[in-house]
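Asker: From the sequence below, what's the structure:
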Amino acid sequence: MAKEILTKIKLQAPGGKATPAPPIGPALGQHGVNIGQFVSQFNDRTRDLNGMTVPVVINVYADKSFSFEVKSPPAAVLLKQAADVAKGSGVPNREKVGKVTPAQVRKIAETKFKDLNAYDLEQADKIIRGTARSMGIDIGE
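Answerer: Here you go, the predicted model:
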């Protein structure tokens, strides 16, 4: 018989460098989950991401045990890394902050494909291009 899911918690945490501090500690503590155990398992699973922000969905069961699924990093984080910028533009239609190549956009789309609402890679590519545009990042050679 399957365990009864008490709640689902969605968080974003730095891969490989999570700590029991907010937002992780309070979110898990209010449901009675062992925070230290989660942090160590999460850091082991995301060690190769080196501090990059990654979303995680945690299923908390009635017996206070848990399981979690690590998603791919947000498109904005991947675009900022590819364009080598600290943050997106405040006025993206007038101020451009960086530039990425179509090959970099395609690579990001391939990375994010399983977490995007797209049937094929062409549509995933368009979603990433839209995110880049809204951040003030140009796409070109």
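
Asker: Would you map out the domains in this protein?
Answerer: Per the record, the chain has its domains at 5-70, 75-139, by automatic domain parsing.

Asker: Make TSV out of these and add mean pLDDT and mean neighbour count.
Answerer: In short, each C-beta sits where N, CA and C put it, glycine included. Formatted as TSV, those follow (pLDDT from 0 to 100; neighbours: other Cβ atoms under 10 Å):
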stretch	mean pLDDT	mean neighbour count
domain 5-70	87	15
domain 75-139	88	16
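
Asker: Which parts of the protein are strands?
Answerer: Along the chain, the segments classed as strands by DSSP state E run 5-14, 53-61, 66-70, 98-100, 137-139.

Asker: Tabulate those (CSV), appending distance to L28.
Answerer: CSV is the format used below for the strands of the chain (distance: least, Cβ to Cβ, whole Å):
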stretch, distance to L28
strand 5-14, 7
strand 53-61, 7
strand 66-70, 8
strand 98-100, 36
strand 137-139, 35
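
Asker: right, so of the ones you listed, which gets closest to E122?
Answerer: strand 137-139 (14.6 Å; Cβ to Cβ).

Asker: contacting residues around the closest one?
Answerer: 79, 83, 85, 88-89, 96-102, 105, 129, 132-133 (Cβ atoms under 8 Å, 6 or more residues apart in numbering).

Asker: and if we set it to 10 Å?
Answerer: 76, 79-80, 82-83, 85, 88-89, 92, 96-102, 104-105, 128-129, 131-133 (Cβ atoms under 10 Å, 6 or more residues apart in numbering).

Asker: List the strands paired with it, with their directions.
Answerer: Using DSSP bridges, strand 137-139 pairs in its sheet with strand 98-100 (parallel).

Asker: roughly how far out does the partner strand sit from the chain middle?
Answerer: Distance of strand 98-100 from its chain centroid, counting by Cα atoms, centre = their mean, to the nearest Å, is 20 Å.

Asker: try stretch 90-110
Answerer: Remark: stretch 90-110 is offset 18 Å from the chain centroid, using Cα atoms, centre = their mean.

Asker: Sweet, I'm off.
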